[in-house]
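Sequence isn't available, so here's the structure alone:
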């Protein structure tokens, strides 16, 4: 069963527009970790953020912000004032503390392609 | 510079041949991982290792093998038993349980 769902396959915006990427996860664990990664055209995944299940504070880092809501099992990601360099595939991932692996296997969503045009 | 290196970036093989993908890290991380990515899809875990001389199967281990003889190195062999080996392969490492994983640049394998 899919544990991480990124329903948006592709989002196209014009530069300076805001874009929000949805991530819905499924787990029975009370302790888990959520991640966002960026994959630019070069292919290498770049770590953006890690959040544990006990910390529901929203976070802002420059033009990036994250909204974690346990009540809806969502961990959404917003890019404010998008730039062409933001064009990439963005992945949401889940690591479950009691999922049978003490180190935490990452389970990835299918990714959302963001295309920012000038 | 600390990081993860994968070589080569592009690899071409004929069907029926085994091929080994290299992954080296100088981050002093204990855990290392191999993922496979197919076009338009997320990453799927092939194998992972939490300590030297120990490794576990991931979700799609059939047709693959690994070794972990040194902390820095985690090579992946794609055997002829792997039915659809053409894909993008990514290696990663992490320092702590449930910590962020850092990825290498990947190897694109094409088997014809």
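Right, received. Where do you want to start? Note that the structure is predicted; figures quoted are calculated from it, not measured.

give me the beta-bridge partners of residue A:94?
residue A:34, residue A:107 (DSSP bridges).

what sits opposite residue B:73 in the beta ladder?
What pairs with residue B:73, by the bridge criterion (DSSP bridges), is residue B:24, residue B:70.

That one is in contact with residue B:26, isn't it?
No: between residue B:73 and residue B:26 there is no contact under C-beta atoms under 8 Å: 10.4 Å. In this view, the C-beta of every residue, glycine as well, is placed from N, C-alpha and C.

Around chain B, pick out the residues from chain A.
A:4, A:9, A:33, A:35, A:37, A:42-47, A:50, A:52, A:91, A:95, A:97, A:101-106, A:108-111 (C-beta under 8 Å from any C-beta of the partner chain).

Okay, helices next: where are they in chain B?
Assigned by DSSP state H, the helices in chain B number zero.

Closest to the centroid, which residue in it?
residue B:34 (3.1 Å; C-alpha atoms, centre = their mean).

which non-adjacent residue is nearest that residue?
residue B:46 (4.3 Å; C-beta to C-beta, 6 or more residues apart in numbering or on different chains).

What's the separation between that neighbour and residue A:116?
32 Å (C-beta to C-beta, to the nearest Å).

more crowded one of the two?
More crowded of residue B:46 and residue A:116, by other C-beta atoms under 10 Å in any protein chain shown: residue B:46, with 26 against 20.

And the pLDDT for the more buried one?
pLDDT for residue B:46: 96.

That one and residue B:32 touch, don't they?
No: with contact defined as C-beta under 8 Å, residue B:46 does not count as touching residue B:32 (11.4 Å).

can you name the farthest residue from the center of chain A?
Distance-from-mean max, chain A, by C-alpha atoms, centre = their mean: residue A:118 at 23.9 Å.

I'd say it and residue A:15 touch.
Yes: between residue A:118 and residue A:15 there is a contact at 5.3 Å, judged by C-beta under 8 Å.

Common neighbours of the two, please.
residue A:84 (C-beta atoms under 8 Å, 6 or more residues apart in numbering or on different chains).

residue ranges with poor pLDDT in chain B?
Across chain B, the ranges flagged by pLDDT under 70 are B:1.

How about the residues of it by chain A?
B:31, B:33, B:40-45, B:48, B:50, B:56, B:58, B:88, B:90, B:92, B:94, B:97-106, B:108.

again, 6 Å this time
B:31, B:41-43, B:45, B:50, B:97-98, B:100, B:103, B:105-106 (C-beta under 6 Å from any C-beta of the partner chain).

Report the buried residues of the helix or strand of chain A with the lowest mean pLDDT.
Least confident helix or strand of chain A, by mean pLDDT, DSSP states H and E, is strand A:59-61 with a mean of 86. Buried residues in strand A:59-61, counted by 16 or more other C-beta atoms under 10 Å in any protein chain shown: none are found.
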